[in-house]
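J.: Generate a structure from the sequence data that follows.
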Amino acid sequence: MNKCDQCIVRQLSALKALNKEQIIQLANSKSTQVIKKGEAIIEEGEVINGVFCIKDGIGKLSKLSANGRDQIVKLVKSGELLGQRSMISNEPANLSATAIADMEVCFIPKSEIIQFFNNNNQFSMNLMQSVCDDLKHADDHTVDMVQKTVKERLAEKLLYLSDTFGVNADQSLKVQLSREELAGMIGTATESCIRLLSEFKKSGLIELKGKLIFLKDIKGLKREAS
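T.: Presented below is the predicted three-dimensional model:
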């Protein structure tokens, strides 16, 4: 078999429904590229003629607001697909995708995805489920923005970063976001995010060392998030 068969993206995404022949077809059609930290994978408004598979690294999906602020909607990691909703709907990308750590991605042309979609019912169902999951995440994000305070959102995101992406050997969060990026995740000004982080530090909930954030009191953060 080929490397695509063992790839984490194949194991965790809609691609797991592909059969042996389709996996070989996929391997022959894909192209691989390395995206450096800060570089864009997809630009908002871009027409996408395929999907990107994240083989390694972490990226952010964001939308530029009217005031020029980068609103982060979601973080993505290895095993996920990008661009499937825009490809299926034949619409330009609604969000930008940017690497926040070096990434390795594979691009699969739309023509190949459409063939799999038409000839493999389970792949079609898996792909639609993925799109539905993205829409549910967007709904949950909107509700959080309306119903939760900025302090609650910050505590929730810190816990999310720990649970989803893990911690380093020194127990700092593995994902290192700038204060501006963290503010973009919780929908507030950078100054407000910095002030709240300082409050959490004074309360003994976290420790700060430069960009590094250490979660010291998980139960306390959960109380702040609820």
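J.: switch to C-alpha atoms for all contacts and neighbour counts from now on
T.: OK.
J.: what is the spatially most central residue of the chain paired to in the beta sheet?
T.: Centroid-nearest residue in the chain, with C-alpha atoms, centre = their mean: Val76, separated by 1.9 Å. Legend: beta-bridge partners of Val76 under DSSP bridges are Gly59.
J.: Name the next helix or strand following the lowest-mean-pLDDT helix or strand in the chain along the chain.
T.: Ranking every helix and strand in the chain by mean pLDDT, DSSP states H and E puts helix 8-12 at the bottom, with a mean of 54. Scanning forward in sequence from helix 8-12 by DSSP states H and E, the next helix or strand is helix 20-29.
J.: Distance from the helix or strand just after that following helix to the middle of the chain?
T.: Reading on from helix 20-29 to the C-terminus, the next helix or strand found by DSSP H and E is strand 31-35. Here the centre of strand 31-35 is set off from its chain's centre by 17 Å, with C-alpha atoms, centre = their mean, to the nearest Å.
J.: And the next helix or strand after strand 31-35, what does it pack against?
T.: Going down the chain from strand 31-35, the next helix or strand is strand 40-42, by DSSP H and E. Contacts defined by 3 or more C-alpha pairs under 8 Å, 6 or more residues apart in numbering; DSSP states H and E place strand 40-42 against strand 96-99.
J.: if we can go back for a sec, show me what contacts the residue nearest to the centre of the chain?
T.: Applying C-alpha atoms under 8 Å, 6 or more residues apart in numbering to Val76 gives the contacts Ile58, Gly59, Lys60, Leu61.
J.: Can you pull out the residues in contact with the helix or strand Ile54 falls within?
T.: Assigned by DSSP H and E, Ile54 falls within strand 50-56. Residues outside strand 50-56 that contact it (C-alpha under 8 Å, 6+ apart): 7-9, 77-84, 87, 103-111, 113.
J.: what number of residues lie near the closest residue in space to Ile35 that isn't next to it in sequence?
T.: Nearest residue to Ile35, sequence neighbours excluded (C-alpha to C-alpha, 6 or more residues apart in numbering): Met103, at 5.0 Å. Neighbourhood size, Met103 [other C-alpha atoms under 10 Å]: 22.
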